[in-house]
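> Coordinates only, no sequence provided:
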């Protein structure tokens, strides 16, 4: 489908899943506001590459997703410089792993702020404009951990369950406004971060990276295959299409069968 003349804000889009979604939306013609941390020169290079490759306008906001005023400012900046926010993809997230009794309170606060509260603040800022225009797509990147739990991920699991619940509330509130709200729930995704984890595991266990990947996947997924940022991006594009016009309030798994068990 064509998303030409639509404007998308994608949080946490300077690498990994967020970048894959941003590039997929740009491929369909959407103008973009990127967001995230990283080397400024590398971010500018990626911004310029997307703009040149797909012939779309691409901005960048360094907004910190733990700061509500900066989130609102990012949405306002996109509306001012690009003309609107038609598509909002809440993707930014962080992780920390520990048992509950050992979990540092400051880590809990940071994960809840970035993985959960930021979704609320971004939706609050973007929804009024979407309602005025009578069209909008909000896509919240949750996780398989928004539907089921794993040990040592108390803050992440709590946040992602909250994202799924928030998605349902927003979908009901906006049901007849022309705005849909859905959650994508990935399982294991092949990103540079996961690739480094696999290399480390292979070294620790004295096995190949391929064997490490199979063991890693088998712990959770019946399908021994990673999802990709590109595949998640393709799902996001579909959710922006007319064909997905009555899909709202749905947690959509892309997880190799993880939560089917």
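Yep, it's here. Quick caveat: nothing in here was measured; it's all calculated off a predicted structure.
> list the helices and strands the lengthiest helix in the chain packs on?
Once the chain is assigned using DSSP state H, the helix that runs over the most residues is helix 154-173. In this structure, helix 154-173 makes packing contacts with helix 105-111, helix 118-133, strand 136-141, strand 179-186, judged by 3 or more Cβ pairs under 8 Å, 6 or more residues apart in numbering; DSSP states H and E. Where you see a C-beta, it was placed from the backbone N, CA and C, and this is true even at glycine.
> Let's have the ones you listed in TSV, adding distance to residue 54, mean pLDDT and mean neighbour count.
TSV is the format used below for those (distance: least, Cβ to Cβ, whole Å; pLDDT from 0 to 100; neighbours: other Cβ atoms under 10 Å):
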stretch	distance to residue 54	mean pLDDT	mean neighbour count
helix 105-111	33	98	15
helix 118-133	22	98	20
strand 136-141	18	98	26
strand 179-186	22	98	26
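> can you list those in CSV and add distance to residue 205?
Formatted as CSV, the helices and strands packed on helix 154-173 follow (distance: least, Cβ to Cβ, whole Å):
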stretch, distance to residue 205
helix 105-111, 27
helix 118-133, 36
strand 136-141, 30
strand 179-186, 25
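> Ok, which of the ones you listed comes nearest residue 18?
Among the helices and strands packed on helix 154-173, strand 136-141 comes nearest to residue 18, with 7.7 Å by Cβ to Cβ.
> List the strands paired with that closest one, with their directions.
Here strand 136-141 is paired, per DSSP bridges, with strand 87-90 (parallel), strand 179-186 (parallel).
> Could I get those in JSON lines, plus columns for distance to residue 110?
Below are the strands paired with strand 136-141 laid out as JSON lines (distance: least, Cβ to Cβ, whole Å):
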{"stretch": "strand 87-90", "distance to residue 110": "16"}
{"stretch": "strand 179-186", "distance to residue 110": "21"}
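> Nearest approach to residue 46 belongs to which of those?
Short answer: strand 87-90, nearest of the strands paired with strand 136-141 by Cβ to Cβ, at 16.3 Å.
> Right, I'll call it a day here.
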